[in-house]
Structures are given as structure tokens and as C-alpha cells.
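1. Take this sequence and fold it.
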Amino acid sequence: MDPFEQQIRGTTFDAGDTRGEPPRVPNLDEVLEVAARLAGAMNSVIEGKKGVVRIAITVLLAEGHLLVEDVPGVGKTMLAKTLARSIDCSVRRIQFTPDLLPSDITGVSVYNQDIRSFEFRPGAIFANVVVGDEINRASPKTQSALLESMEEGQVTVDGTTYQLQHPFIVMATQNPIEMEGTYPLPEAQRDRFMARISMGYPAGHSEVDLLLHHGGRSPLDDLRPVTDAATISGLIHAVRTVHASSSIAQYIVDLASATRESPALRLGASPRAALHLLRASRAHAALAGRDHVLPDDVQAMVVPVLAHRLHPTGETQMARRSTSDVLTDLLQRVRVPAPRS
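-> Sure thing, here's the model as predicted:
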């Protein structure tokens, strides 16, 4: 059992014990303690999905964005709303529909007759946690409105740039693209998401617990924040200090290069994907209680971080092999850096 799991089992929840602290960089013990409280709160709502919850927290601490892809009704939106409700911060929810406009997301300049000037009215993207529900039901033009904000943490409207709040995470859900009424996310949009996860159907006993405990009222009604935005910002800064050696960086580059050279793929991992993999590996190491990244951290995050960015060839698709399968094979072939003596 790793330190993160031990913290989860031994923690008690107090909604107010992280408020009012001055911004600072916490140590790894504090990262584990706060992350364990966050995981415990989320696991109380999301039944039987500890692995999914852990990846969501990893992406949050790595300062990334999360794409949750699965069929309707398995808890995609509930996961996003649970993370948002567990943090005392600003939250906005965007329901993506075909008639949603880019200005609904970024904001718009409106002429104010009282002051005889234009004033900016912020859109739904101006929040710490943005929950994008069914993002692939909006048109490509509306989807592209998220590109600048997700990559640079800012929005430009009518030539003026506005900085977004910190921390900032977009948690978007989408249905599989073969379902009716959806628009596939373009490659540039998918590449902005640090990781993609699938909820999957719950195990039998977890589904029974879901019916018994959550059948009468929403589990979110009793969920209280267990941390706040300032504390999460501190955790993000702490994760940045986790050491990644040159051999780890080379290992990540070798994995990315292997995807670009693989005959099973027609589009490999971008340099941004390699950077996201490093940041996610740092967060994974921090949640394991370590101040340095191991190859195990990289391997644990390869599929969530890279699989959604890759495009298989026609032969790979005909063989019913997914990009996750291709990555698993590449992990077996790329040389793992040896530990230094």
C-alpha cells in the first residue's frame, strides 16, 4: 500500500481546516494529506472508482486538463462535479450544445450607454474549475474557443487579453464519437487535455451500494469542500519541485519518439504530449510520497496521457487494436533507464 492510499484510509474530514492559510509551498507530507482528503471526499460519491479518482487528482496537481470519455450514464459529469464541489473555489458548468457560441465561453464586449464605452462581460471559462458537459456536442468553432485558455491560461477578446484564475482546470466529458449527434474533437483540442480516462461500468457490489445509498437523493448534497483554491495552488507548486533526472527526460523522449516511428500509428505524440507526461509523472511521484520521478511513474501515466493523442493506421483498426494496446507494446520495447548506483 503506497503512502497516498494509507493517508486515505487514515484521514478524517474537516471542511474548514485548510482555509485562511497564507500561500506557500507545502512539503510532500502536506501534499499527501490534502490529496488524501480530496480523494476520500470524491470516493464517498463515486462508488468503486478509486483509480479514476486518483488520475483526476493527479491531473489537477499536474496543472492539466482532464477528458472523461464514456457512454452516457456511467458518472462522467458526476466525477467532474464531485471534484469541483470538493474544492472551495469558483466553479462554472458549461452544457455544450450545437447552438452554443464561442462568446458564451470566453465572454463578450458590450456597449454600456452610461459610460459610453464597451465593457467586458466574462464568460463561463472564468472560474477555477470549469465543467464542460458533452463537449463533443458543440460545433468545432465553439470547441476551438477553449484552445487559448487551456494552453495559456488566458482569454483574448477584441484584442484585449484577460488572465484566468489560478488554479485552473477544465474537466470535460464526451460520449464516444460514433454516437449520434456528436462532433469529433480535432487533434489540436485533444492535445490540450493532459489525460483521458474512461469511467467504465461499476462492479456489481458497487452498483448495489449506489442504488441503496444514492437512490433517494444526490450524493453531492452532503459533500462539503475539504480544501480551497489557495491550498491547491500550493500543492501544484510543490509538485513542480519534484525532481526528474535527465535519464527520465530521455526515457520520456524515447517513448514519444517510438510512437512517431511506430508503423501501427499514423500520428504519434507531440512535444506537448511529452511535456504533459513529465508533469503527470511528477504528480504521480508526489502522490507516492517521493521527491523524485521513477520510470514506474512514467509507465503508470503513459496510457492516460498519450493514448487519446495518437491515431492508429487503418491496419491497426482492422486488427481491432487500440492505441492503448500499441502503447503497451511500446513500453515493452523502449529501454528503461537503469538506476544509478
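
2. Let me know the distance separating the residue positioned nearest the centre of the chain from Lys76.
-> With distances taken as CA atoms, centre = their mean, the residue of the chain nearest its centroid is Leu66 (2.5 Å). With distances taken as CB to CB, to the nearest Å, Leu66 is found 10 Å from Lys76. In short, each C-beta sits where N, CA and C put it, glycine included.

3. where along the stretch 201-341 of the chain do the strands fall?
-> Assigned by DSSP state E, counting those that start in this stretch, the strands in the stretch 201-341 of the chain fall at 227-228, 265-267, 311-312.

4. Quick one, which of these gets closest to Ala283.
-> With CB to CB as the measure, strand 227-228 is the member of these nearest Ala283 (15.5 Å).

5. Against which helices or strands is the closest one packed?
-> Contacts defined by 3 or more CB pairs under 8 Å, 6 or more residues apart in numbering; DSSP states H and E place strand 227-228 against helix 28-43, strand 87-88.

6. what mean pLDDT does it have?
-> For strand 227-228, mean pLDDT is 90.

7. swap in stretch 44-51?
-> Computed over stretch 44-51, the average pLDDT equals 84.

8. sorry, back to before: looking at the strands of the stretch 201-341 of the chain, which is closest to Val45?
-> Of all those, strand 227-228 sits nearest to Val45, with 15.6 Å by CB to CB.

9. thinking again about what came up before, most packed of the strands of the stretch 201-341 of the chain?
-> Comparing the strands of the stretch 201-341 of the chain by mean neighbour count (mean count of other CB atoms under 10 Å), strand 227-228 ranks first with a mean of 21.

10. my read: Ala195 touches Leu61, true?
-> No: counting by CB atoms under 8 Å, Leu61 is not a contact partner of Ala195; they are 11.9 Å apart.

11. Just want to know which of these two has more residues nearby.
-> Leu61 (28 against 24; other CB atoms under 10 Å).

12. residue contacts, the more buried one?
-> Leu61 sits next to 31, 35, 232, 235-236, 239, 283, 286-287 when contact means CB atoms under 8 Å, 6 or more residues apart in numbering.

13. can you pull the buried residues of whichever strand or helix holds Ile105?
-> Applying DSSP states H and E as the criterion places Ile105 in helix 102-106. The neighbour-count check on helix 102-106 (16 or more other CB atoms under 10 Å) flags 102, 104-106 as buried.

14. For that helix, what is the distance to the chain centroid?
-> Counting by CA atoms, centre = their mean, to the nearest Å, helix 102-106 is centred 21 Å from the centre of its parent chain.

15. who does it touch, helix- and strand-wise?
-> Here helix 102-106 touches helix 140-143, strand 154-157, going by 3+ CB pairs under 8 Å, 6+ apart.

16. Need the CA coordinates for that helix. PDB is fine.
-> Only the C-alpha atoms of helix 102-106 are listed here, as PDB (Å, rounded to 0.1, in the frame of the first residue of the first chain):
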ATOM      1  CA  PRO A 102     -17.800  30.900 -28.600                       C
ATOM      2  CA  SER A 103     -18.700  34.100 -26.800                       C
ATOM      3  CA  ASP A 104     -20.800  32.100 -24.300                       C
ATOM      4  CA  ILE A 105     -17.500  30.500 -23.200                       C
ATOM      5  CA  THR A 106     -14.900  33.400 -23.500                       C
END
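
17. what's the following helix or strand after that helix?
-> Proceeding N to C from helix 102-106, the next assigned helix or strand is strand 107-112, under DSSP H and E.

18. Which strands border that next one, and is each parallel or antiparallel?
-> Sheet pairing here is set by DSSP bridges, and for strand 107-112 it gives strand 117-122 (antiparallel).

19. Give me the distance from the helix or strand following the strand it pairs with to the chain's centre.
-> As assigned by DSSP H and E, the chain's next helix or strand after strand 117-122 is strand 129-133. Distance of strand 129-133 from the chain centroid (CA atoms, centre = their mean) equals 11 Å.

20. contacts for strand 129-133?
-> Contacts of strand 129-133 with the rest of the structure, by CB under 8 Å, 6+ apart, involve 77, 80-81, 83-84, 87, 89-96, 124, 146, 168-173.

21. Make a PyMOL selection of the buried ones in those.
-> Command for PyMOL that selects the buried part of those, burial taken from 16+ other CB under 10 Å:
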select buried, resi 77+80+81+83+84+87+89+91+92+93+94+96+124+146+168+169+170+171+172+173
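
22. Just the ones in helices from the contacts of strand 129-133, please.
-> If you go by DSSP state H, the contacts of strand 129-133 have 77, 80-81, 83-84 in helices.

23. for this structure, what are the low-confidence residue spans?
-> The model of the chain has pLDDT under 70 over residues 1-25, 177-181, 213-217, 340-341.
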